[in-house]
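Participant: when you get a sec, could you give me coordinates for this:
(2 chains)
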There are 2 protein chains.
Amino acid sequence: MNDFEQLVRRHETFLEQILHRYAPPATRLMQAMNYMLFPGGKRLRPLLVYLCGELLDLEPSNLDRIAAAVEITHCYSLIHDDLPAMDNDDFRRGKPSCHRAFDEATAILAGDGMQALAVEILLKELPQFLTATKVIAVTQALVCASGTSGMVSGQSLDLSELGRSDLTVSELQMIHQLKTGQLIASCANMVLAATHASIETTHHLSQFAHSLGLVFQMQDDYLDRYSPESLGKKRGSDKANNKVTYATLFEQDILLKKINQLYAQAQANLLFFGDKAIKLSQLTDELKQRTENFCSNIIS
Amino acid sequence: MNDFEQLVRRHETFLEQILHRYAPPATRLMQAMNYMLFPGGKRLRPLLVYLCGELLDLEPSNLDRIAAAVEITHCYSLIHDDLPAMDNDDFRRGKPSCHRAFDEATAILAGDGMQALAVEILLKELPQFLTATKVIAVTQALVCASGTSGMVSGQSLDLSELGRSDLTVSELQMIHQLKTGQLIASCANMVLAATHASIETTHHLSQFAHSLGLVFQMQDDYLDRYSPESLGKKRGSDKANNKVTYATLFEQDILLKKINQLYAQAQANLLFFGDKAIKLSQLTDELKQRTENFCSNIIS
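Facilitator: Modelled structure (predicted):
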């Protein structure tokens, strides 16, 4: 088992414990939350939390809580995004989406509950390990990224704007920055909020996370458009919905170049940390491979 | 303008300011949030916050934020409860419900955003006035009442259990305690969390709020069943959905007696505070009048 697999296992063990500790009195709600959280996806956000945290020598017990909170928030957003009134996706990670496996009401409530649970975990668990001021700063970082100044506005603009044929690149970028970029960046920002980081450390780590947040959707759009492999949902579903994506705004080779540039920027920011950032650099490289592997398949 | 009207005006002025301060980048989201928050309903929860806060000599600037947070949380829950997949209510407060005036996706997102906004306001605004430890305690009180150990589980159980013909009184009470009781009680609990209250003060104020939280749904069920007046939604809609209510479990006179007993308990807990609780006692009396006025109308 490699380092990343070990961290994912640690995260999932903790997630199970915390879900048990905060088990809601409504059984069906608990089942729906469990269904969405296990088995998970790539667990990218928890991995980022652990690796950024290791970089800044933050206690693993803090990281467990922060990683759980961000993953629960991410999963709540997936449940709501999949709803018929939103993206209307029947499948998620190769199994029926939450509202298909249960019902719409349960899916809405499971999402609502998970949003609250993420905050509850931080506010109730972190004061054992961090000062109250830091607990507030960490929780703020999550809530700002996921709330009306972040993810929720991003999803609203996604629904109202991505059908516009005159959408500009900077508008598209702003929407995805709100919708997915900020929550990915919050993995680094929450960890930074929990430490006494220098201005340089803060700058480089948040720039790293910012680049990663930006590139992620570009790469998803690229793979959704060009990859022969399923991404766990109907292939090309964005195109079927006539949505503007990075793959409709850029030619394939230009989009690939932009993706590689953003990954290079992310790596450049990690240089500041020297050898301590080896694992984070390796994760970044593995993420980049998602497009590289596919491209080498085409060439070979 | 009486004291309560003045407080409601103060609350609404602050609510407008805070909404402007935290205006989301998505216009449609902002419109939906505004639509749901103005004009409001009775503003019972903000009134409770202000009056409990006055009782404990808490600064008005704290109370503005706490009142806004609880009202925003309450309104988010109304938006989601009205959705077709939930209670499927086309009207709320005499106008089309949020998903009818906008669309389902916007209603879901407005609710999601408002849940986050309430927490964001507390975490960002209260540290100017309270210690970090108290800010955490106040925010915890809100999130626990509204999350999976409170309101969200209550709504889930409402949907799954209230159709059961063998539902017991204590089960019904538990469901409503989770669904509406805890958020009403949180008005007092948040204020208590912001002060250094004695054990007796904490006991009497939280018992007062607990009784009020319990009686509220009983009275709603009573009025929904027996009042000739509209409550801003289709009359008797719970009965039309074949839901168990307090009015289906108790005869009219027994239910009325229970309502009066709970109001008497609430008032009894206020006696501890003497003259300082005059306004809170008056509000409690006005709430009780909702059934009294109606009954005197029948008799006269």
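Participant: CA atoms only for the host helix or strand of residue A:192, dumped as CSV, please.
Facilitator: Element membership for residue A:192 (DSSP states H and E) is helix A:182-193. Provided in CSV are the C-alpha atoms of helix A:182-193 (Å, rounded to 0.1, in the frame of the first residue of the first chain):
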residue,chain,number,x,y,z
GLN,A,182,-12.5,27.4,-4.0
LEU,A,183,-13.3,24.2,-2.2
ILE,A,184,-10.1,22.6,-3.5
ALA,A,185,-8.2,25.7,-2.5
SER,A,186,-9.9,25.6,0.9
CYS,A,187,-8.0,22.3,1.6
ALA,A,188,-4.8,24.4,1.8
ASN,A,189,-6.5,27.4,3.3
MET,A,190,-8.0,25.5,6.2
VAL,A,191,-4.6,24.0,7.0
LEU,A,192,-2.9,27.4,6.7
ALA,A,193,-5.6,28.9,9.1
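Participant: got the angle between the helix or strand following that helix and helix A:182-193?
Facilitator: Scanning forward in sequence from helix A:182-193 by DSSP H and E, the next helix or strand is helix A:199-226. With axes from the mean of the first three to the mean of the last three CA atoms, to 10 degrees applied, the angle from helix A:199-226 to helix A:182-193 works out at 160 degrees.
Participant: hang on, the earlier thing: list the helices and strands the helix holding residue A:192 packs on?
Facilitator: If you count contacts as 3 or more CB pairs under 8 Å, 6 or more residues apart in numbering or on different chains; DSSP states H and E, helix A:182-193 packs onto helix A:44-55, helix A:60-82, helix A:132-146, helix A:151-161, helix A:199-226. For glycine as for every other residue, the C-beta is placed from the backbone atoms N, C-alpha and C.
Participant: make TSV out of those helices and add mean pLDDT, mean neighbour count and distance to residue B:161.
Facilitator: As requested, the helices and strands packed on helix A:182-193 are exported to TSV (pLDDT from 0 to 100; neighbours: other CB atoms under 10 Å in any protein chain shown; distance: least, CB to CB, whole Å):
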stretch	mean pLDDT	mean neighbour count	distance to residue B:161
helix A:44-55	97	24	34
helix A:60-82	97	24	22
helix A:132-146	98	24	30
helix A:151-161	95	25	30
helix A:199-226	95	20	40
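Participant: JSON lines please, covering those helices and showing distance to chain B.
Facilitator: JSON lines is the format used below for those (distance: least, CB to the nearest CB, whole Å):
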{"stretch": "helix A:44-55", "distance to chain B": "17"}
{"stretch": "helix A:60-82", "distance to chain B": "6"}
{"stretch": "helix A:132-146", "distance to chain B": "3"}
{"stretch": "helix A:151-161", "distance to chain B": "4"}
{"stretch": "helix A:199-226", "distance to chain B": "16"}
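Participant: so which of those helices is nearest residue B:147?
Facilitator: helix A:60-82 (11.3 Å; CB to CB).
Participant: mean confidence (pLDDT) on whichever helix or strand comes after that closest one, please.
Facilitator: The helix or strand immediately downstream of helix A:60-82 is strand A:91-92, counting by DSSP H and E. Averaging pLDDT along strand A:91-92 gives 95.
Participant: sorry, back to before: the helices and strands packed on helix A:182-193: which one's closest to residue B:275?
Facilitator: Counting by CB to CB, and looking across all of the helices and strands packed on helix A:182-193, nearest comes helix A:132-146 at 35.5 Å.
Participant: ok, the residue nearest to residue A:273 when sequence neighbours are not counted - contacts?
Facilitator: Nearest residue to residue A:273 in three dimensions, chain neighbours excluded: residue A:55, at 5.8 Å (CB to CB, 6 or more residues apart in numbering or on different chains). Counting by CB atoms under 8 Å, 6 or more residues apart in numbering or on different chains, residue A:55 makes contact with A:205, A:273, A:276-277, A:280.
Participant: narrow those to just the buried residues.
Facilitator: A:205, A:273, A:277, A:280 (16 or more other CB atoms under 10 Å in any protein chain shown).
Participant: those in helices, which ones?
Facilitator: A:205, A:280 (DSSP state H).
Participant: what's the closest of the buried ones among the contacts of residue A:55 to chain B?
Facilitator: Chain B lies nearest to residue A:205 out of the buried ones among the contacts of residue A:55, by CB to the nearest CB, at 22.0 Å.
Participant: per-residue pLDDT, the closest residue to that closest one other than its chain neighbours?
Facilitator: Nearest non-adjacent residue to residue A:205, counting by CB to CB, 6+ apart: residue A:188, 4.9 Å away. At residue A:188, the predicted lDDT confidence score is 98.
Participant: hmm, who's touching the helix holding residue A:192?
Facilitator: A:44-45, A:48-49, A:52-53, A:56, A:58, A:63, A:66, A:69-70, A:73-74, A:77, A:134, A:137-138, A:140-142, A:144-146, A:150-151, A:154, A:201-202, A:205-206, A:208-210, A:212-213, A:216.
Participant: please redo it, this time with the cut-off set to 6 Å
Facilitator: A:45, A:48-49, A:52-53, A:58, A:66, A:70, A:137-138, A:141-142, A:145-146, A:150-151, A:202, A:205-206, A:209-210, A:212-213, A:216 (CB atoms under 6 Å, 6 or more residues apart in numbering or on different chains).
Participant: can you check stretch A:262-280 too?
Facilitator: A:3, A:51, A:55, A:204, A:207-208, A:211-212, A:214-215, A:281, A:284, A:288.
Participant: okay, residue A:10: pLDDT?
Facilitator: pLDDT, residue A:10: 97.
Participant: what's the angle from the helix or strand in which it is found to helix A:44-55?
Facilitator: Assigned by DSSP H and E, residue A:10 falls within helix A:3-21. Angle between the axes of helix A:3-21 and helix A:44-55 is 110 degrees (criterion: the same axes, to 10 degrees).
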